[in-house]
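Student: Need coordinates for the below:
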Amino acid sequence: MAFIASWWTTAAAALTLCTVYLVYSFGENAYAHWIVFLYHTPLGVLFSLVLVANLSAASAGIIHARLRQRNLSAADIRAMDSYVEFHADDQGLQSVTSWMKNKGFIPRTHAGSALAVKGRFSFVPGTVLRAGLILLLLSCLASAYLRRSGEAILHNGSPWTFAQSTIVLKSIEPHLPDNFLQVGEEGTFKLDHVTAVVSSSGTPRVITPRSPARIDGVYYRITHIGYVQPMSITITGTTFEKNLDLDILPPGKTEILPLPGTASFMSISLAPERTITKGLLIGKQFNLNMPRYQLALQSGARDSKPVIHLVKPLERTTSKGSTISLGKNALYIKVQAVHDPALPWIYTGLLATLVGTALMISRFFWYWTEVAVVCSGEYLLIGYRDEFYSKWGVHKFQEWKEDLAALFTGGG
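Tutor: Predicted coordinates:
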């Protein structure tokens, strides 16, 4: 028990975890590998459980030591930071306990002894801090094994059931710009302003790409948006009709569509409304609310050249034996869902850890101080112990000795 509750055990376990992270830091994705070690390997789980057992045993030991009724002996008094011995009669113990009360202590008497303590409950800040760390360690470990996540594409009116929670997409508010300007090849499109209204048990809820929305114990967040485009393609006398979920945002992405029954395929991307050139910089302007598609039809032959169509929704285009008709476009969203029953406990553990850390500041002023007295034959032994500031406490007790000596002037 002493080994488990030892602070050396705490330091050894924490140092081991830091060392493992340092080893992983020489490679790629150090944090990800460290998390896998910590929660998904027997040795990592063992270290986490050792820390939990260590902090629990330490807290239990401190609480027991502070609250238990102690049977003091003369040897206990002599082991304190400072002590004094007086020759006294039977009333000496009562006189000392009265003096303790005058000094602001609350003495407890037992079998010829008395113990007076200030700051008896000063263990509370440390206990709160350790309880928060214990809860955080256990809940993170539980989260690693109980957490479930999923992702789905939702169209207007489509339901999705995940972890016994069902949502139905009612509407999408994309807030897409009419004049989106992209400079260079890298996309600058952001999802920040996209919102969606979903219904759960008849209650409308809003989900966004930012903070996850909690619905029936499941957290939902928008991760992507795309176009739903009805399309009819006629090539070599064969017609294909399909509603396409186009993943072509941000501008610059390309979707490849194989054409069934043929060796041909179609490349779909967004075409700019206009191109702006200023020096070496080239900017492309897109209307993302009414997209303009670049459709490239190409056969499987290596030397074949693509047939390019530039077309918007509700338009029709014909070129070199191929005809493409587009219907009215819509939008879809990709939603990520996470079900983690341990998450509220993680938040609680984090809050308790922060509160405990803040409360630890009070330990500079709120600490354990005790004065004890024991009858040993014809003598009274009075001792003093201070949790932190021992030298200051001993100096104070030296001043108190004069008051104590005055109590026994007549009997010494």
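Student: what domains does the record give for this protein?
Tutor: Per automatic domain parsing, the structural domains of the chain span 72-120+367-412, 150-339.
Student: Serialize these to JSON lines and add fields for mean neighbour count, mean pLDDT and distance to residue 30.
Tutor: Glycine gets a C-beta too; all of them are placed from N, C-alpha and C. Below are the domains of the chain laid out as JSON lines (neighbours: other Cβ atoms under 10 Å; pLDDT from 0 to 100; distance: least, Cβ to Cβ, whole Å):
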{"stretch": "domain 72-120+367-412", "mean neighbour count": "16", "mean pLDDT": "80", "distance to residue 30": "39"}
{"stretch": "domain 150-339", "mean neighbour count": "15", "mean pLDDT": "87", "distance to residue 30": "24"}
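Student: I'd like the ones you listed as CSV, with distance to residue 33 appended.
Tutor: Conversion of the domains of the chain to CSV gives the following (distance: least, Cβ to Cβ, whole Å):
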stretch, distance to residue 33
domain 72-120+367-412, 41
domain 150-339, 22
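Student: For residue 47, find the nearest of the ones you listed.
Tutor: Put simply, out of the domains of the chain the one that sits nearest residue 47 is domain 150-339, at 26.2 Å, with distance taken as Cβ to Cβ.
Student: got the end-to-end distance for that closest one?
Tutor: In domain 150-339, first residue to last residue: 9 Å (Cα to Cα, to the nearest Å).
Student: same question, stretch 285-295
Tutor: Distance between the boundary residues of stretch 285-295 (Cα to Cα) amounts to 18 Å.
Student: hey, which strand is longest across this structure?
Tutor: Among the elements of the chain assigned as strand by DSSP state E, the one spanning the most residues is strand 218-235.
Student: so what does it touch, helix or strand wise?
Tutor: Strand 218-235 sits against strand 165-173, strand 195-200, strand 203-207, strand 213-215, strand 238-246, strand 322-326, strand 330-339, with contacts defined as 3 or more Cβ pairs under 8 Å, 6 or more residues apart in numbering; DSSP states H and E.
Student: What is the longest helix along the chain packed up against?
Tutor: Across the chain, the helix with the greatest residue count (assigned by DSSP state H) is helix 42-67. Contact here means 3+ Cβ pairs under 8 Å, 6+ apart; on that basis helix 42-67 packs against helix 2-5, helix 7-24, helix 30-40, helix 124-146.
Student: Let me see the backbone angles for the residue lying closest to residue 289 once chain neighbours are set aside.
Tutor: For residue 289, the nearest residue in space outside its immediate sequence neighbours is residue 176; the separation is 5.2 Å by Cβ to Cβ, 6 or more residues apart in numbering. Summarising the backbone geometry of residue 176 under the convention degrees, to the nearest 10, its torsions are phi -80, psi 140.
Student: Isn't residue 176 up against residue 290?
Tutor: No. With contact taken as Cβ atoms under 8 Å, residue 176 and residue 290 are classed as non-touching, separated by 9.6 Å.
Student: shared neighbours of the two, anything?
Tutor: Common neighbours of residue 176 and residue 290, using Cβ atoms under 8 Å, 6 or more residues apart in numbering, do not exist here.
Student: nearest to residue 17, of the helices and strands packed on strand 218-235?
Tutor: strand 330-339 (25.6 Å).
Student: got the contact list for that closest one?
Tutor: In this structure, residues lying in contact with strand 330-339 by Cβ under 8 Å, 6+ apart are 147-156, 160, 162-163, 165, 169, 172, 174, 194, 196, 207, 212, 217-228, 245.
Student: Let's see that with 7 Å instead.
Tutor: Counting by Cβ atoms under 7 Å, 6 or more residues apart in numbering, the neighbours of strand 330-339 from elsewhere in the structure are 147-156, 162-163, 172, 174, 196, 207, 212, 217-228, 245.
Student: What of stretch 386-396?
Tutor: Everything outside stretch 386-396 that qualifies as a contact, by Cβ under 7 Å, 6+ apart, is 81-82, 367-369, 384.
Student: helix, strand or coil for the spatially closest residue to residue 408 that is not a sequence neighbour?
Tutor: What sits nearest to residue 408 in space, not counting adjacent residues and going by Cβ to Cβ, 6+ apart, is residue 86, at 4.7 Å. The assignment at residue 86 comes out as strand when based on DSSP: H, G, I helix; E, B strand; the rest coil.
Student: which residues touch residue 86?
Tutor: Neighbour list for residue 86: 92, 379-380, 404, 408, 412 [criterion: Cβ under 7 Å, 6+ apart].
Student: same check, this time on residue 276
Tutor: Listed by Cβ under 7 Å, 6+ apart, the contact set of residue 276 reads 283, 285.
Student: Centre of the chain to the one helix or strand it maps to, how far?
Tutor: Using DSSP states H and E, residue 276 sits within strand 274-278. Taking Cα atoms, centre = their mean, to the nearest Å, one finds the center of strand 274-278 at 45 Å from the center of the full chain.
Student: Please name the strands paired to that strand in the sheet, noting orientation.
Tutor: Strand 274-278 has its sheet partners listed here by DSSP bridges as strand 281-286 (antiparallel).
Student: Next, find the distance separating residue 47 from residue 13.
Tutor: The spacing between residue 47 and residue 13, counted by Cβ to Cβ, to the nearest Å, is 5 Å.
Student: ok, back up a step: output the contacts of residue 86 in TSV; the columns should cover distance to residue 38 and secondary structure.
Tutor: Output for these, formatted as TSV (distance: Cβ to Cβ, whole Å; DSSP: H, G, I helix; E, B strand; the rest coil):
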residue	distance to residue 38	secondary structure
92	59	helix
379	58	strand
380	56	strand
404	56	helix
408	62	coil
412	65	coil
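Student: Going by distance to residue 52, which of the residues you listed wins?
Tutor: For the contacts of residue 86, the residue nearest residue 52 by Cβ to Cβ is residue 380; the value is 45.4 Å.
Student: give me the beta-bridge partners of the closest one?
Tutor: As for beta bridges, residue 380 partners with residue 86, residue 375 under DSSP bridges.
Student: wait, doesn't it sit right on residue 92?
Tutor: Yes. Taking Cβ atoms under 7 Å as the definition, residue 380 is a contact partner of residue 92 at 4.8 Å.
Student: Please list all residues in contact with residue 93.
Tutor: When contacts are counted by Cβ under 7 Å, 6+ apart, residue 93 is found next to 112, 114, 373, 375, 380.
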